[in-house]
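Visitor: Got a sequence here, can you build the structure:
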Amino acid sequence: MMTDAEIQTVLPALSRGNIAVITGAASGIGLAAAKRLASMGMKIVLADIGGARLEHASRAVAAIAGDNAVLAVDADVSKADEVDRLAERAFGAFGDVSLLMNNAGVGDNPGKPWENRDAWKRLLDINFWGVVHGVEAFAPRMLASARPGLIINTGSKQGITTPPGNFAYNVSKAGVKTFTEGLAHALRNEPGARVAGHLLIPGFTFTGLTEGAHREPPCSVTLASGLQGAFRGVHERLTFRPRAFSARASAPRPFSPRRRRSARHAALQHARIWRGSPRLRFRSDVRCR
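Guide: Okay, here's the model as predicted:
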């Protein structure tokens, strides 16, 4: 397991004293990420719908990072002006932002494709447009700073496999996947850019968004262990090898397009899914989702 110092050497965006902004930070993956990054010495901006949960989350993260290293902002990511205000407050309070995690999302099922237009729009406004608003508000300033940076968009396996059940959620996360692939490409081709885009796809993670879940499934990944795995894997490049390959090869060999497609398919079966380069990953068994 990599130490924090090793992670920060490979990923200077996560260096002690740097600034992380996380949406959907009052609970679940967002709160776990905030605590983990705070433990690494980063200053944290927590964004979520205001209320008791955000206040509680702020106190919990401040207990790790210190009161002067945490800022809580009431923001609805579906509204571009509120995300712009979030950026103003984050940069104004702490300076240049090194990490943006567009994590806010909802899982309410609006029903069939021809039903509940307003509920469909609301879900897409949060899950998809919330990510777009975050990139619009933060990416230009992060690029202008010329500092190492990461933009992490939280996706879902359902945006790739699109199983029956919640069509609207599938559509929103498929959009996030495609948008993030384009973002990663655009950032890589921006002259002098030191900011990278990543799509985070957790395995089954027990959070408040988990519809109908009243107890934690035995196969669910814990937030702490999942985030540790994500930060450990982010520096590795696209010459990835699934477990079957890596067990019998001491050094990576270049993948042909056909072999890369085959390897990605194999990875999907084990919930080791990523987009962009370098990659973020969670590990778990997809069968429990």
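Visitor: Could you use CA atoms for every contact and neighbour count after this?
Guide: Will do.
Visitor: mind checking which helix or strand A57 is in?
Guide: Element membership for A57, per DSSP states H and E: helix 52-65.
Visitor: For that helix, which helices and strands make contact with it?
Guide: helix 28-39, strand 43-48, strand 70-74 (3 or more Cα pairs under 8 Å, 6 or more residues apart in numbering; DSSP states H and E).
Visitor: For the last one, which strands pair with it and how are they oriented?
Guide: Strand 70-74 has its sheet partners listed here by DSSP bridges as strand 43-48 (parallel).
Visitor: Same question for the strand it pairs with: list its buried residues.
Guide: K43, I44, V45, L46, A47, D48 (16 or more other Cα atoms under 10 Å).
Visitor: Which of the residues you listed sits closest to S58?
Guide: L46 (7.1 Å; Cα to Cα).
Visitor: I figured the closest one hits A25, correct?
Guide: Yes - assessed by Cα atoms under 8 Å, L46 is found in contact with A25 at 5.3 Å.
Visitor: lowest average confidence, helix or strand, in this protein?
Guide: Within the chain, no helix or strand scores below helix 243-246, which has a mean of 34 by mean pLDDT, DSSP states H and E.
Visitor: Go through the helices and strands packed on helix 52-65 and name the closest to D125.
Guide: Using Cα to Cα, those put strand 43-48 closest to D125, at 14.6 Å.
Visitor: Can you check what angle separates the closest one from helix 28-39?
Guide: 160 degrees (axes from the mean of the first three to the mean of the last three Cα atoms, to 10 degrees).
Visitor: Can you name the residues in contact with strand 43-48?
Guide: 17-26, 34, 37-38, 54, 58, 65, 69-76, 86, 90, 94, 104 (Cα atoms under 8 Å, 6 or more residues apart in numbering).
Visitor: What of stretch 139-159?
Guide: Contacts for stretch 139-159 (Cα under 8 Å, 6+ apart): 12-13, 96-104, 131, 135, 169-177, 180, 192-203, 271, 273.
Visitor: Go again with 6 Å.
Guide: Residues from elsewhere that reach stretch 139-159 (Cα atoms under 6 Å, 6 or more residues apart in numbering): 13, 98-103, 170, 173-174, 194-201.
Visitor: Keep only those of those that are in helices.
Guide: N170, K173, A174 (DSSP state H).
Visitor: So for the last one, what's the pLDDT?
Guide: Looking back up the chat, that one is A174. Looking at A174, its pLDDT reads 98.
Visitor: Nearest residue to it in space, please, no chain neighbours.
Guide: G159 (3.9 Å; Cα to Cα, 6 or more residues apart in numbering).
Visitor: Now stretch 113-132: buried residues?
Guide: Neighbour-count burial for stretch 113-132 [16+ other Cα under 10 Å]: W120, R122, L123, L124, D125, I126, N127, F128, W129, G130, V131, V132.
Visitor: what are the phi and psi values for the third one?
Guide: Same thing as L123. Backbone torsions for L123, taken as degrees, to the nearest 10, come to phi -60, psi -50.
Visitor: Now do it against A137, distance only.
Guide: According to Cα to Cα, to the nearest Å, L123 stands 20 Å off from A137.
Visitor: cool, the fifth one as well?
Guide: Distance check for D125 against A137: by Cα to Cα, it reads 16 Å.
Visitor: Could you count how many residues lie near A52?
Guide: 10 (other Cα atoms under 10 Å).
Visitor: State the pLDDT value of it.
Guide: 95.
Visitor: and the helix or strand hosting T178, which residues are buried?
Guide: Using DSSP H and E, T178 sits in helix 167-188. Neighbour-count burial for helix 167-188 flags 167-177, 179-181, 183-184, 187-188 (criterion: 16+ other Cα under 10 Å).
Visitor: burial measure for G92, as a count.
Guide: Using other Cα under 10 Å, G92 has 10 other residues around it.
Visitor: Quick one: the strands in the protein, in order.
Guide: Counting by DSSP state E, the chain has strands at residues 19-23, 43-48, 70-74, 99-102, 149-154, 195-200.
Visitor: would you list those in a markdown table and tack on distance to M2?
Guide: Formatted as a markdown table, the strands of the chain follow (distance: least, Cα to Cα, whole Å):
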| stretch | distance to M2 |
| --- | --- |
| strand 19-23 | 20 |
| strand 43-48 | 21 |
| strand 70-74 | 26 |
| strand 99-102 | 20 |
| strand 149-154 | 19 |
| strand 195-200 | 19 |
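Visitor: Next, format those strands as CSV and append mean pLDDT and distance to L143.
Guide: Shown next, in CSV, are the strands of the chain (pLDDT from 0 to 100; distance: least, Cα to Cα, whole Å):
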stretch, mean pLDDT, distance to L143
strand 19-23, 98, 14
strand 43-48, 98, 19
strand 70-74, 98, 22
strand 99-102, 98, 12
strand 149-154, 98, 8
strand 195-200, 98, 7
